[in-house]
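Trainee: Got a predicted structure here, sequence first:
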Amino acid sequence: MLKFAPKKLKDLVKAIRNCKTAAEERELIQKESFEIRNTLGQEKSDHMERQIAKLLYIHMLGYPAHFGQLGCLRLASSTKFSAKRIGYLGTMLLLDESKQLLLMVTNSLKYDMQSKNRYVAGLALDTLGTISSADMARDLASEVEKLLRSSKAYLKKKAALCAVKLIRKDSDLVETFIPATRSLLSEKNHGVLLTSMALLQEMAAKSSECLESFRRLVPSLVRLLKSLMMSGYSAEHDVNGVTDPFLQCAIIRLMSVLGKNNAEASEAMNDILAEVATNTTTKTNVGNAVLYETVLCIMSIKAESGLQVLAVNNLGKFLQNGDRNIRYVALTTLLSMVQEGHNSDAVQRHRTTVVDCLHEPDITIRRRALALCFALVNTNNVRSLVAELLDFLEVADEELKLSMVSDLLNAAHAYKPSPKWHVDVVLKIIELAGAHITEENMAEMTQILSEHSEFHLNVVQRLYKMLLKRTRAQATKQVASFYVGEFADVLFRGGPIQPEYEGEDGVVPSVKTTVNILESFLQDPSNTKLTKYYAFNALMKINVHCSEENERITNLIALYRRNIDVELQQRANEFLTLLGPYNNLTNGVFERMPVAKAKSRDVDDNTTDTNVAVPNDQSEDLLGGLLDDDDEPSTSTQQQTKGDGDLLGDLFGGPQQQQQQQ
C-alpha cells in the first residue's frame, strides 16, 4: 500500500502500473484526486501545471476529472506558454460545446488569436476548432478570417482547418471566409494548399453560390495537379515514389465536387484525370489511394465513356491485388457503379474475377462479391451467372444462404429466358438450400412450380427423388409432400424416373414407398408441426387419388384421432368422417387445388398457363359446382345435398378454412 501520492506525472504512471489489483488502483487515484483538488482550490500554486497534467492522465484512464475544468481555464489564461499549452489541452479534453463554461473561454481565445506569438495563436485556433459551439463560431469567425489572411503558413493552415469546423457549426459563416479564399490556390506551401482544399470543398458543399463561383478555379486545380504529376523527386513531399499523395487526393476530391452535374467543368478535368489514372503506379498503397480517389471522381462527374472504362479497368486491377482491403474497396466501388448505372458493360468484363472473389476466405469480401454478382445479372448472362451462383449456394456459409435464396428467386423471375429454366432453378434452390427457405419464399416457389401444367410430371418426379434422399430440410419436406400429394396420380402413372446423370439408377415411384416416407415424417420428433401437417394432407390425397395402400393409410390416419396435437387430431377426425358416410364427397373436396396468384410478384401474361388463379367468389363456390348434376335431382336428393353441404361447412369451418386445411 502506498503511503503518499506521487508528485510527478511519470511517478503517478509508474505507481498505477505497479498496482496489483483494481481496488489498489482506485485507492491510489482517489488519493491523488484529493491532492489535485486541494491544489486547484489554492489561489496560487507553483505545481498547477503538474497537477493538471496528472488529472488529464487520470481522465484518460476513465476516472472522473470534471472538477479540473476551472483549473484548465486558469492555466489557459496564463501568460506562460507551457502553462497555456496544458490549459488548452485540458480545455479540449474536459469541455465540449454543451458546457456553459465555454463563455469564459471565448475572451481568452480571442485575446490569444491576436497574439504576435504564432504558437499561442495556433493553440487558440486548435482549441476553437475542437470545442466551438455555434455561438462561439459566430463570435470568433472574424478573428479566424484575419488569421486566414496571415502571411505565416503555420497560422494560415491552422486557420483554414478551424474555418472548416466553424462552417460545419453554422453554414451561414461561409460568406465570412469567401474573400480570404481567393488567394489560397496561389500558395506554395503544401500544408496550406492541403488545408485550403478542405476549406474550399466544405464551402462548396454548404453553398450553391460558392459552388458556382469555385468552378472557375477548375483550370487552376488542373494546373496544380499537373505540376504535382510532372514534378521531380522531392524528399519533403515524396511518399513511395508519389509526389505529395495527400495533396493530390485533396485536389481530386475537390474536383469531383466541382465537376458534379456540370459538363463544362467535367470537360476541363477529363485529360488530367486520364493522365493520373494511366501514370500512377498500382504497386504501392499510396498509388492505389490516388487511383481510388481518381476513380471516385470519374464516377461523380460527367466523364467521357472512355474515361469511365479506364476507371473500371483500374478497379479490375484492384480485384487482382493481394491486399484484401483493396479488393473489398474495389468490389464496393464497382457495386455502387452498377447500381448508379455507370457503364455496367465495362464492369461485365470483370465478371469472372468477381465470381472468383466468392471463394475468398474473408467473409466480408464474399458478401460484397455476392451482392455485385446479383447486381450484374441481366438477360444476356442470366443462365451462366445464375448457374455459378447456384454452385456457390451449395458451399456458401449458412448466414449467406437465406439472403441468396431471395436474391436468386428475384433474379430468376426478372430475367428468366424460359419457363422451363425458371422451374429448374427453383427446384435446384429447393434441393440445395431447403433449410433456408422462408414461408414467403416457399409460397412463391409453389406458385412458380404450379403455373405450368406441362412441367408437373418433371417437378413431382424431382421432388420425389428429394424425398428418397431423406433430407433434413423442413421446407424441402413440405414442398415435396405437397406436390407428391397434389400430383399423386401424375407421379404414379408417369412411369420410371429417368436418371439425371450417367451411372445413376432409375427410380420407379411406388405408393408404398411414398407412404413409408410420409409416415416417417409424422413419427419423426425433429420435424416441425407444419411439416407433419403437409405429410398428413399428402397421405389423404394419395388415399383419394390412388387405389393402393388405402386401408393402411386409413388405419394410419385413425391413429391420430386422439393425438396430443389438436390440429392433427381435428384433421384425422375430419378425414375419417369424409371417408365414412360422406365418401361420395372426397373427390370434390380433395381435388387438385387451383393455382393461387402470388402476392409477392406479378405473373407474366406470356408465361402464364391455362391453369390460372380462380377468383375468390368462384373458388368459394367450388364445392357447389362439383356437386351439380346434369339431370334434375329429386326433392329428397336436393335436401340431402343441401344437408351434406351444411354439415361440411360445420366440419371445416367454412370454405376459407377448408381451402387452408387442404
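Mentor: Yep, that arrived. Numbering: from 1, shown residues only.

Trainee: Sort out which residues of the one helix or strand T195 maps to are buried, please.
Mentor: For T195, the element it lies in under DSSP states H and E is helix 190-206. Using 16 or more other CB atoms under 10 Å as the test for burial, helix 190-206 gives 190-204, 206. Heads up, the C-betas are built off the backbone N, CA and C, glycines and all.

Trainee: where does N240 land on pLDDT?
Mentor: The model reports N240 with a pLDDT of 84.

Trainee: contacting residues around it?
Mentor: N240 makes contact with T284, N285, V286, G287, according to CB atoms under 8 Å, 6 or more residues apart in numbering.

Trainee: now it: how far from R324?
Mentor: 20 Å (CB to CB, to the nearest Å).

Trainee: just to revisit the earlier point, of all the contacts of N240, which two lie farthest apart?
Mentor: The span of the contacts of N240, defined through CB to CB, is set by N285 and G287 at 7.4 Å.

Trainee: Looking at those two, which one has more neighbours?
Mentor: G287 (18 against 15; other CB atoms under 10 Å).

Trainee: Chain neighbours aside, what residue packs nearest to the more buried one?
Mentor: T281 (4.1 Å; CB to CB, 6 or more residues apart in numbering).

Trainee: Let me know how buried that neighbour is, in neighbour terms.
Mentor: T281: 13 neighbours (other CB under 10 Å).

Trainee: Please enumerate the helices of the stretch 101-250 of the chain.
Mentor: 102-113, 118-131, 134-148, 153-169, 174-177, 190-206, 208-214, 218-230, 245-259 (DSSP state H, counting those that start in this stretch).

Trainee: Report the angle between the fourth one and helix 134-148.
Mentor: Going back to what we said before, that points to helix 153-169. 150 degrees (axes from the mean of the first three to the mean of the last three CA atoms, to 10 degrees).

Trainee: Give me the average confidence score over helix 153-169.
Mentor: 94.

Trainee: before we move on, what about the first one?
Mentor: Confidence over helix 102-113 (mean pLDDT, whole number) is 88.

Trainee: Please export the C-alpha coordinates of that helix as CSV.
Mentor: In CSV, the C-alpha atoms belonging to helix 102-113 read as follows (Å, rounded to 0.1, in the frame of the first residue of the first chain):
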residue,chain,number,x,y,z
LEU,A,102,-17.4,27.9,-22.8
LEU,A,103,-18.5,31.5,-22.3
MET,A,104,-15.5,32.0,-20.1
VAL,A,105,-13.1,30.6,-22.8
THR,A,106,-14.3,33.0,-25.6
ASN,A,107,-12.4,36.1,-24.4
SER,A,108,-9.3,34.1,-23.7
LEU,A,109,-9.4,32.6,-27.2
LYS,A,110,-10.0,36.0,-28.9
TYR,A,111,-7.1,37.5,-27.0
ASP,A,112,-4.7,34.7,-27.8
MET,A,113,-5.6,34.7,-31.5
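
Trainee: In that helix, which of the residues would be classed as buried?
Mentor: Within helix 102-113, the residues that count as buried by 16+ other CB under 10 Å are L102, M104, V105, T106, S108, L109, K110, D112, M113.

Trainee: which residue packs closest to V484, ignoring adjacent ones?
Mentor: That would be A538: by CB to CB, 6+ apart, it lies 5.5 Å from V484.

Trainee: Give me the three-state assignment for that neighbour.
Mentor: helix (DSSP: H, G, I helix; E, B strand; the rest coil).

Trainee: remind me which residues of this protein are low pLDDT?
Mentor: 1-7, 97-99, 232-233, 500-505, 596-662 (pLDDT under 70).

Trainee: Do you have the strands of it handy? List them.
Mentor: 238-239, 242-243 (DSSP state E).

Trainee: Deepest-packed of those, please.
Mentor: strand 242-243 (a mean of 19; mean count of other CB atoms under 10 Å).

Trainee: by contact count, what packs against it?
Mentor: Applying 3 or more CB pairs under 8 Å, 6 or more residues apart in numbering; DSSP states H and E, one finds that strand 242-243 makes contact with helix 285-300.

Trainee: tilt between the helix it packs on and helix 245-259?
Mentor: Using the same axes, to 10 degrees: helix 285-300 against helix 245-259 is 0 degrees.

Trainee: which other helices and strands contact helix 285-300?
Mentor: By 3+ CB pairs under 8 Å, 6+ apart, helix 285-300 packs against strand 242-243, helix 245-259, helix 263-279, helix 305-319, helix 324-340.

Trainee: just to revisit the earlier point, include distance to E49 when you put the buried residues of helix 102-113 into CSV, please.
Mentor: Converted to CSV, those look like this (distance: CB to CB, whole Å):
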residue, distance to E49
L102, 22
M104, 19
V105, 18
T106, 23
S108, 17
L109, 20
K110, 23
D112, 17
M113, 22
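
Trainee: Pick the one among these closest to G434.
Mentor: Taking the buried residues of helix 102-113 together and measuring to G434 by CB to CB, the closest member is L102, at 62.3 Å.

Trainee: In contact with the closest one, which residues?
Mentor: L95, I131, S133, M136.

Trainee: Which residue is the nearest non-sequential neighbour of the first one?
Mentor: Closest residue to L95 in three dimensions, ignoring its sequence neighbours and counting by CB to CB, 6+ apart: I131, at 5.5 Å.

Trainee: who wins for most neighbours among the contacts of L102?
Mentor: Going by other CB under 10 Å, I131 tops the contacts of L102 with 23 neighbours.

Trainee: who's in contact with it?
Mentor: By CB under 8 Å, 6+ apart, the neighbours of I131 are T91, M92, L95, D96, E97, L102, V105.

Trainee: Take those and write them to TSV, including distance to I178.
Mentor: Output for those, formatted as TSV (distance: CB to CB, whole Å):
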residue	distance to I178
T91	30
M92	28
L95	31
D96	29
E97	25
L102	27
V105	27
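
Trainee: List the buried residues for stretch 37-52?
Mentor: Judged by neighbour count using 16+ other CB under 10 Å, the buried positions of stretch 37-52 are T39, L40, M48, E49, R50, Q51, I52.

Trainee: out of those residues, which are inside helices?
Mentor: T39, L40, M48, E49, R50, Q51, I52 (DSSP state H).

Trainee: just curious, which of these is nearest to V295?
Mentor: I52 (47.7 Å).

Trainee: Against R85, how distant is that closest one?
Mentor: 11 Å.

Trainee: next one: C162
Mentor: Counting by CB to CB, the gap from C162 to R85 is 17 Å.

Trainee: Run a quick neighbour tally on D345.
Mentor: Neighbour tally, D345, other CB under 10 Å: 11.

Trainee: Likewise for the one 10 residues further on?
Mentor: When neighbours are defined as other CB under 10 Å, V355 has 20 of them.

Trainee: quick one, what contacts it?
Mentor: Counted by CB under 8 Å, 6+ apart, V355 has contacts A369, C373, L385, E388.

Trainee: do that again at 10 Å, thanks
Mentor: Residues near V355 by CB atoms under 10 Å, 6 or more residues apart in numbering: A369, L370, L372, C373, L376, S384, L385, E388, L389, D391, F392.

Trainee: Could you list which residues are in contact with the nearest residue to the fifth one once chain neighbours are set aside?
Mentor: Taking CB to CB, 6+ apart, and ignoring the residues beside it in sequence, L376 has R351 as its nearest neighbour in space, at 5.8 Å. Residues counted as contacts of R351 (CB under 10 Å, 6+ apart) are L372, C373, L376, V377, N381, S384, L385, E388.
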